[in-house]
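Trainee: Please work out how this folds:
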Amino acid sequence: MVPGVRRLTATNPSPMTGEGTQSYLVGAGDLVVVDPGPDDAGHLDRIVDASGGRIRYVVVTHAHDDHAPGARSLARRTGALVLGPPAGGAYAPDAVLADADVVAVPGWRLTALHTPGHAPEHLCYLLDTEREGSGFVEGGHRPRPEVAVVESAGPRLLFSGDHLLFSGDHLLGGASTVVAPPEGDMAAYLASLERLLRLDPGIDAVAPGHGPLLAGARAVIVAQLAHRAERERQVVAALERSPYATSAGLATTVYGDLDPGLVPAARLQVWAHLRKLATEGRARSTDPDDPGGSWDAV
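Mentor: Sure thing, here's the model as predicted:
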């Protein structure tokens with residue numbers, strides 16, 4: 001077994017989930033599962049088989065259906081505790097985690113970071129190893145001083161470094177996160193990205209809930225902030241050209257031709273930007289809480 005992290009991909013591909021939800025096994029003795037994904041027996045079988053039955057905690061980034069419903073089934077099968085944000089849908093935690101809470105197994109530590117935006121209670125988890133002199137040793141275990149990520153289906157090495165962020169849907173591999181009002185909040189999302197940039201020590205890589213591992217985390221976050229700023233400029237320009245437009249009409253202008261499966265998400269993204277602009281006094285609407293409301297630039 002390679003110490004550190006192993007990745008397993010759920011079989012729930014779609015235009016919104018990519019090849020499927022990424023679940024992660026963390027540890028070398030007692031294990032933590034990050035985001036068990038949907039309540040799919042085949043995927044949960046693979047997690048249990050890869051763990052050797054040593055799962056101690058199941059932690060969840062947020063309560064959406066592609067990330068959380070497998071948690072309770074996995075807990076029943078392994079005796080693990082389910083930890084994460086407040087309950088939602090088919091997900092119910094044994095204990096709720098808040099910002100800066102720590103989940104630890106021998107030699108490994110996951111620190112919860114509250115990163116609202118995609119969902120109000122969204123949590124990322126920062127993984128690091130406990131080093132000599134840190135005062136943390138469980139069972140006398142001392143890991144090597146870096147995190148190694150491997151593909152369980154391979155196995156093949158995906159990453160080797162120090163600080164790894166399990167980002168759920170806050171950062172994705174090969175796609176942009178959907179910020180869907182009224183639950184999603186674009187201003188909060190951007191503030192959460194800025195927070196990740198200020199972490200010290202910084203993040204080396206991102207293990208997203210969908211898509212490939214992201215090395216060079218700082219550059220990834222900076223690029224995502226730049227992308228959102230450019231999208232906002234496009235929304236403002238389209239709104240100035242088309243007063244009293246709807247988010248659906250503006251999405252056609254801003255995004256152009258899209259895969260039909262992505263059109264609803266594009267409309268929601270534009271609505272999220274419009275709501276942010278409204279809070280800043282830069283746009284107004286007949287009803288900001290109505291996705292079909294009309295908008296005008298201020």
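Trainee: what residues are up against Pro181?
Mentor: By C-beta atoms under 8 Å, 6 or more residues apart in numbering, the contact list for Pro181 reads Leu268, Trp271, Ala272, Arg275, Asp289, Pro291. Placement of C-beta: from N, CA and C, glycine included.
Trainee: Which residue, other than its chain neighbours, is closest to the second one?
Mentor: Excluding the flanking residues, the one nearest Trp271 by C-beta to C-beta, 6 or more residues apart in numbering is Ser247, at 4.0 Å.
Trainee: Could you do the last one as well?
Mentor: With sequence-adjacent residues excluded and distances taken as C-beta to C-beta, 6+ apart, Pro291 is closest to Trp271, at 5.6 Å.
Trainee: May I ask which helix or strand of the protein has the lowest mean pLDDT?
Mentor: Using mean pLDDT, DSSP states H and E, strand 157-161 stands out as the lowest-scoring helix or strand of the chain, at a mean of 65.
Trainee: Would you mind identifying the next helix or strand past that one?
Mentor: Downstream of strand 157-161, the first helix or strand assigned by DSSP states H and E is strand 164-168.
Trainee: Send over that following strand as CSV, restricted to the C-alpha atoms.
Mentor: What follows is strand 164-168, C-alpha atoms only, in CSV (Å, rounded to 0.1, in the frame of the first residue of the first chain):
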residue,chain,number,x,y,z
LEU,A,164,-3.1,18.7,-0.6
LEU,A,165,-6.6,20.3,-0.7
PHE,A,166,-9.7,18.1,-1.1
SER,A,167,-11.9,20.8,-2.8
GLY,A,168,-15.2,19.0,-3.4
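Trainee: after that strand comes which helix or strand?
Mentor: Using DSSP H and E, the helix or strand that follows strand 164-168 in sequence is helix 186-198.
Trainee: which residues touch Ser294?
Mentor: Counted by C-beta under 8 Å, 6+ apart, Ser294 has contacts Tyr244, Ala245, Thr246, Ser285, Thr286.
Trainee: Can you flag the buried ones in these?
Mentor: Among those, the ones that count as buried by 16 or more other C-beta atoms under 10 Å are Ala245, Thr246, Ser285.
Trainee: pretty sure the last one is in contact with Thr279, am I right?
Mentor: So the one you mean is Ser285. No. Counting by C-beta atoms under 8 Å, Ser285 sits too far from Thr279 to count as a contact (11.4 Å).
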